[in-house]
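1. Pasting the sequence and the predicted coordinates here, then a few questions.
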Amino acid sequence: MITLITYDITEPKRLQRLNKFLKEFGENTQYSVFECDLDADGLARIRRYCSQKLDLINDSVRIYKICSRCMQKVEISGQGLKITQLDYTVV
């Protein structure tokens with residue numbers, strides 16, 4: 001399922017580590033925003049990382065699951081591609 005992950009991390013090292021970790025799952029489409037095509041295991045890994053590695057008192061991560069019908073309605077103004085438009089898959 002296409003999943004949008006946004007985050008606001010207060011400490012630069014945690015921010016860099018989270019950014020690097022999320023690159024395993026998808027595309028960094030904007031600052032602090034990743035579009036990922038995740039299965040249940042991938043989503044579980046991200047949730048586990050957040051609960052174990054982040055300071056959830058001060059940091060914030062939002063996970064939005066986007067159904068295929070809604071993904072077709074996504075509009076991009078300016079530069080960028082939806083993850084569904086890429087000709088490769090992030091593994």
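-> Nice, thanks for sending it over. Numbers count the residues shown, from 1 in each chain.
2. Glu27 should be in a strand, yeah?
-> Yes: using DSSP: H, G, I helix; E, B strand; the rest coil, the assignment for Glu27 is a strand.
3. burial count for it?
-> Counted with other CB atoms under 10 Å, residues neighbouring Glu27 total 19. Yep, even glycine has a C-beta here, placed from its N, CA and C like the rest.
4. what does the one 10 residues further on give?
-> Close neighbours of Asp37, defined as other CB under 10 Å, add up to 17.
5. surely it meets Met1?
-> Yes: assessed by CB atoms under 8 Å, Asp37 is found in contact with Met1 at 7.4 Å.
6. Which positions in whatever helix or strand Gln16 lives in come out as buried?
-> For Gln16, the element it lies in under DSSP states H and E is helix 12-22. By neighbour count on 16 or more other CB atoms under 10 Å, the buried set for helix 12-22 is Arg14, Leu15, Leu18, Leu22.
7. Mind listing what's buried along stretch 69-79?
-> Across stretch 69-79, burial judged by 16+ other CB under 10 Å covers Met71.
8. Just give me how far that stretch sits from the chain centre.
-> Remark: stretch 69-79 is offset 16 Å from the chain centroid, using CA atoms, centre = their mean, to the nearest Å.
9. Now do it: distance from first to last residue.
-> Start and end residues of stretch 69-79 are separated by 22 Å (CA to CA, to the nearest Å).
10. Provide the partner residues of Glu35 in its beta bridges.
-> Leu4, Glu27 (DSSP bridges).
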